[in-house]
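Visitor: Kindly generate the corresponding structure for this input.
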Amino acid sequence: MAYQYLTMLDVSKINGSDAAVGLIEENLIVAPEAAMFPARTIAGTSFKTLIRSALPTSQFRNVNEGVEPTKSTYINKLVETFYLDQQMELDVAAAQGDELGEAHAQMTEADGHGRAALQKIGAQVWYGTGSGGDAKGFPGAVAVVDSAFVTDAGGTTANTGSSVYGVKLGTKFCELIFGRNTVLNVGQWRQQTITRASKEMTAWKNSLEGWIGASWVNKNALCRIKKLTADSGKGLTDTLLGKAISILPVGYDPDYWFMTKRSREQLRASRTATNPTGAPAPLPTDAFGIPIIITDSLLNIESLSL
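Guide: Below you'll find the model as predicted:
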């Protein structure tokens, strides 16, 4: 049985944030990263973690012959969280017009913000502060993946690229971090006078807020296939996936492949049907025993410079 980790939803439940639990649970389908990545809270908004960057040297020796002592090499890495803030406003007149009641109107509005928050987190996981992400958020996989673990598919049509990431998850590898001992905070709806076009009206106000970051602490836990396009021969194949994991150190094969639907279809089309009728190969659910996770957080319009 595969290892299981606390996720964003689990941590939210543990912290007893009922409103946030409902929003996360309702909307997880739009951002599988929030469902798959381990998550934990920290007391503050950042922390330092110790990383062993090199092992000591080990060697044999002859009898009565000494060896020089050696040691591990360590570095400290700062992991930071960044503030996600979504303000909600709902005209009381619009809320009163909901046949199911004002509470239903508020819940509907909050649900939309919850969906948007998870989509934002999902995109940030991959694109970070660059194109496709948010410059004020946390660093993403595209910036932290080691260049030695990047496989180039060779696509050439500008702004039609996509990436596939192989990720090994866990506290010592990759996880989501939430600051101030909470996940996403949803406040109480309150009536407040707001101004629109220099005119006042009464509205319900609320917010969805939280400190969020990603901890990428082991360079061997992430690999990428880039420049996957619709160009002939430049789509995803088992050959590319096999190459991606072959350059990782032993013991660091990914737990999951994350990819778009287009990449999955390219992989399916590259496989030879093995059934007697010659029907097309089925949609793949794994590659080399590693499950495939489909996400809209990855794009099919990536710049080839990423």
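Visitor: quick one, strands of the stretch 201-306 of the chain?
Guide: For the stretch 201-306 of the chain, strands defined by DSSP state E, counting those that start in this stretch occupy the ranges 222-228, 256-259, 286-287, 290-294.
Visitor: does the residue positioned nearest the centre of the chain count as helix, strand or coil?
Guide: Residue closest to the average C-alpha location in the chain (Cα atoms, centre = their mean): Val125, at 3.6 Å. For Val125, the assignment made with DSSP: H, G, I helix; E, B strand; the rest coil gives helix.
Visitor: residues contacting it?
Guide: Listed by Cβ atoms under 8 Å, 6 or more residues apart in numbering, the contact set of Val125 reads Glu33, Phe37, Gly140, Ala141, Leu176, Ala214, Ser297. C-beta here means a position set from N, CA and C on the backbone, and glycine is covered the same way.
Visitor: Repeat the analysis, applying 6 Å as the threshold.
Guide: Glu33, Gly140 (Cβ atoms under 6 Å, 6 or more residues apart in numbering).
Visitor: What separation do you get for it and Phe173?
Guide: Separation of Val125 from Phe173 (Cβ to Cβ, to the nearest Å) stands at 14 Å.
Visitor: Could you do Ile290 as well?
Guide: Taking Cβ to Cβ, one finds Ile290 at 14 Å from Phe173.
Visitor: Please say which of these two ends up with more neighbours.
Guide: Phe173 (20 against 16; other Cβ atoms under 10 Å).
Visitor: okay, that one: pLDDT?
Guide: Predicted confidence (pLDDT) for Phe173: 94.
Visitor: likewise Ala244?
Guide: 98.
Visitor: again, but for Thr277
Guide: So, for Thr277, pLDDT stands at 72.
Visitor: again with Gln87
Guide: 94.
Visitor: So Ala93: helix, strand or coil?
Guide: helix.
Visitor: Quick check: closest non-adjacent residue to it.
Guide: Nearest residue to Ala93, sequence neighbours excluded (Cβ to Cβ, 6 or more residues apart in numbering): Met201, at 7.8 Å.
Visitor: Okay, the one you found and Trp189: tell me how far apart.
Guide: 16 Å.
Visitor: again with Gly166
Guide: 43 Å.
Visitor: Same drill for those two, tell me which one is more crowded.
Guide: Using other Cβ under 10 Å as the criterion, Gly166 and Trp189 rank with Gly166 on top: 27 against 20.
Visitor: can you pull out the helices in the chain?
Guide: Taking DSSP state H as the test, the helices found in the chain are 8-14, 18-27, 32-36, 92-96, 102-127, 141-144, 238-246, 261-270.
Visitor: Out of these, flag the one nearest Ala43.
Guide: Closest to Ala43 of the helices of the chain is helix 8-14 (Cβ to Cβ; 13.6 Å).
Visitor: picking up where we left off before, which stretch among the strands of the stretch 201-306 of the chain comes nearest Ala273?
Guide: strand 286-287 (16.7 Å).
Visitor: Look at the closest residue to Gly44 other than its chain neighbours and say how many residues are nearby.
Guide: Leaving aside its sequence neighbours, Gly44 sits nearest to Gly179 (Cβ to Cβ, 6+ apart; 6.3 Å). By the measure other Cβ under 10 Å, the count of residues near Gly179 is 21.
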